[in-house]
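Student: Could you work out the structure for the sequence below:
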Amino acid sequence: MKIFLKAASYIFHPLLMPVLGTILYFSVTPRYLEPELMRANLFAIAIITIFIPIVVFFLLKNLAVVETIYLRDVKERKFPLMIQCILLLLIIKMIFDPYEDPELYYFFVGILFSAFSALVMVLFKFKVSLHQIGVAGILMFLVGLSAHFKINLLVTISFFLFVNGWVASSRLNSDSHSYKELGIGLLLGAIPQLILFNLWL
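Tutor: Sure thing, here's the model as predicted:
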């Protein structure tokens, strides 16, 4: 059981959520998209949201700004979250257009708001769950896609409801977060996506 719970923290790591959301969008959209364009977008997003943060982490570790990849101390989160906000701005400005790709554009705007909110929490010395922010944002994005395209995503949405509980249980089991930190993480992940529905639904 412990292995099952621990697996959730790795499978649904916050760094993977932007790529996962993009893959889910490309999987369900009824619009025709050039395969080359989809691959290029996914590659660019993976570089910006996964590989660059990993390189930055090792740089920060060498500078003794962070100790481990788990960022257990709330003060260790400040610089990684600041850099993540900058990288998300880069995606919003350089990769997606609000008129041509409104769904993904506002999905990433929502992620940016969530990341910035987590950064604000750090300034108040509160360690919100980044894992819960990530999976809650994906869940709400799927709800929006289902309504927007008028397609039945009940199975996928149900699965990500389970994933939210799985991730929360994983974080509690590892003593990484409290119920309060998980609850606020869920809200910070879901609410920005919900608010931005007004701009693309």
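Student: So which residue is smack in the middle of the protein?
Tutor: Geometric centre of the chain, nearest residue: G134, 3.4 Å, by C-alpha atoms, centre = their mean.
Student: give me every residue that touches that one.
Tutor: 12-14, 16-17, 189 (C-beta atoms under 8 Å, 6 or more residues apart in numbering). Glycine gets a C-beta too; all of them are placed from N, C-alpha and C.
Student: For those, please prepare a markdown table with the additional fields distance to I95, pLDDT and neighbour count.
Tutor: As requested, these are arranged in a markdown table below (distance: C-beta to C-beta, whole Å; pLDDT from 0 to 100; neighbours: other C-beta atoms under 10 Å):
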| residue | distance to I95 | pLDDT | neighbour count |
| --- | --- | --- | --- |
| F12 | 23 | 94 | 21 |
| H13 | 21 | 93 | 16 |
| P14 | 19 | 93 | 24 |
| L16 | 17 | 95 | 17 |
| M17 | 16 | 96 | 23 |
| G189 | 21 | 96 | 33 |
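Student: Can you tell me which of those residues comes closest to V56?
Tutor: P14 (14.1 Å; C-beta to C-beta).
Student: From I69, how far out is that closest one?
Tutor: 11 Å (C-beta to C-beta, to the nearest Å).
Student: ok, now F108?
Tutor: For F108, the distance to I69 - C-beta to C-beta - is 23 Å.
Student: Could you do G110 as well?
Tutor: Taking C-beta to C-beta, one finds G110 at 25 Å from I69.
Student: returning to what we had before: among the contacts of G134, which are in helices?
Tutor: 17, 189 (DSSP state H).
Student: who has more neighbours, G110 and I69?
Tutor: G110 (26 against 13; other C-beta atoms under 10 Å).
Student: could you list every residue that touches P102?
Tutor: Contact partners of P102, counting by C-beta under 8 Å, 6+ apart, are 199-200.
Student: I should have written S117 there, sorry.
Tutor: Here S117 is in contact with 128, 188, 192 (C-beta under 8 Å, 6+ apart).
Student: what's the answer for L112, then?
Tutor: 85, 88-89, 92 are the contacts of L112 under C-beta under 8 Å, 6+ apart.
Student: Can you tell me how far E76 is from M121?
Tutor: E76 is 13 Å from M121, by C-beta to C-beta.
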